[in-house]
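>>> predicted model and sequence below, questions to follow.
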Amino acid sequence: MVQQSGSDEPEPAGLAFVRMMVREFVRDVRYPTALTVRYLRCDGCGQVTTHSTDQRSISIMPERELTAAPPEAVCDECGHAQPRMVGDELPAEMTVTCVGRRYRRIRAGRSRRPCGQEFAVPATAPRVLCLWCSTVQPGPGEPANP
């Protein structure tokens with residue numbers, strides 16, 4: 001329940017604030033949102049891998065001036081950071097069903113029930129990351145073991 005800036009209604013405080021936070025927590029537990037994952041061809045390892053984090057370099061100049069470089073996508077496999085370009089994200093052609101297990105809502109650890117969510121991934125990705133339970137599993141592009 002984020003209020004738009006410039007609204008005339010004051011922000012909730014006290015018990016109303018606690019009610020709002022509990023309501024948002026319950027909604028997040030009941031209806032979780034998927035993780036945002038990009039599949040890019042990594043310049044460091046040369047594979048199609050997940051890039052779920054970004055980094056940005058900020059330098060301070062002697063004249064007390066900040067200079068920020070554009071954000072760079074970080075490879076989850078090798079940790080190599082590469083600048084983003086237009087059209088560098090690979091299209092998702094295949095659907096994969098997750099074989100991992102979700103985290104429990106109340107207790108620590110993973111549940112016994114399988115995740116079972118379906119998500120789209122590129123056909124050349126050797127390893128994929130489930131958007132719902134964050135487990136890494138073999139992808140459609142993994143070479144077969146002899």
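In hand now; what should we look at?
>>> when you work out contacts or count neighbours from here on, use the C-alpha atoms and nothing else.
Will do.
>>> what stretches of this structure score poorly on pLDDT?
The chain contains residues with pLDDT under 70 at 1-9, 103-107, 109, 143-146.
>>> residue ranges of the helices in it, please?
Ranges of helices within the chain are 15-30, based on DSSP state H.
>>> would you mind measuring from the residue located most distally from the centre of it to residue 57?
What lies farthest from the middle of the chain is residue 63; by C-alpha atoms, centre = their mean that is 36.9 Å. Taking C-alpha to C-alpha, to the nearest Å as the measure, residue 63 falls 18 Å from residue 57.
>>> my guess is residue 123 contacts residue 94, does it?
Yes: Residue 123 is in contact with residue 94 according to C-alpha atoms under 8 Å; the separation is 5.8 Å.
>>> neighbour-wise, which of the two wins?
residue 123 (18 against 13; other C-alpha atoms under 10 Å).
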